[in-house]
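*Asks:* Sequence first, then the predicted structure, then my questions.
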Amino acid sequence: MKTSELYQKTNEELKKLLSEQREKLRSLRFDVALKKIKNVREIRKTKKIIARILTILNQRTKFNQ
């Protein structure tokens, strides 16, 4: 997901997406531990999406004060 797409979403949509991505990361970690998946790069991608979402949410709260 591109950053420009994330900026177009509302705070509520971002929070929902954040919880979905965190759940996905949790399940990916379990799958890697159980050797169900071979593409471990998916964990890195998910972490980056989570970081982008958190950055956007933090920017919005700082500039809206």
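*Replies:* Received it, and whenever you're ready, just let me know what you need.
*Asks:* Is L6 in contact with A51, as I believe?
*Replies:* No: contact criterion C-beta atoms under 8 Å: L6 and A51 do not qualify, at 10.9 Å. The C-beta positions use only the backbone N, C-alpha and C, and glycine is treated the same way.
*Asks:* Looking at those two, which one has more neighbours?
*Replies:* L6 (17 against 11; other C-beta atoms under 10 Å).
*Asks:* Can you tell me what sits against the helix or strand hosting L14?
*Replies:* Using DSSP states H and E, L14 sits within helix 11-33. By C-beta atoms under 8 Å, 6 or more residues apart in numbering, the surrounding residues in contact with helix 11-33 are 6, 9, 37, 40, 42-43, 46-47, 49-50, 53-54, 56-57, 60.
*Asks:* what about burial for those, which qualify?
*Replies:* By neighbour count, with 16 or more other C-beta atoms under 10 Å, the contacts of helix 11-33 hold L6, I43, T46, I49, I50, I53, I56 as buried.
*Asks:* Among the residues you listed, name the ones in helices.
*Replies:* L6, I43, T46, I49, I50, I53, I56 (DSSP state H).
*Asks:* Can you add distance to S27 and pLDDT and give those back as JSON lines?
*Replies:* Listed next are those as JSON lines, based on distance: C-beta to C-beta, whole Å; pLDDT from 0 to 100:
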{"residue": "L6", "distance to S27": "22", "pLDDT": "93"}
{"residue": "I43", "distance to S27": "10", "pLDDT": "95"}
{"residue": "T46", "distance to S27": "10", "pLDDT": "97"}
{"residue": "I49", "distance to S27": "15", "pLDDT": "97"}
{"residue": "I50", "distance to S27": "14", "pLDDT": "98"}
{"residue": "I53", "distance to S27": "18", "pLDDT": "97"}
{"residue": "I56", "distance to S27": "24", "pLDDT": "96"}
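*Asks:* possible to save those residues as TSV with distance to R26?
*Replies:* Shown next, in TSV, are those (distance: C-beta to C-beta, whole Å):
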residue	distance to R26
L6	21
I43	10
T46	10
I49	14
I50	11
I53	16
I56	21
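*Asks:* Can you say which two of these are spatially most distant?
*Replies:* Within these, two members stand farthest from each other by C-beta to C-beta: I43 and I56, at 20.9 Å.
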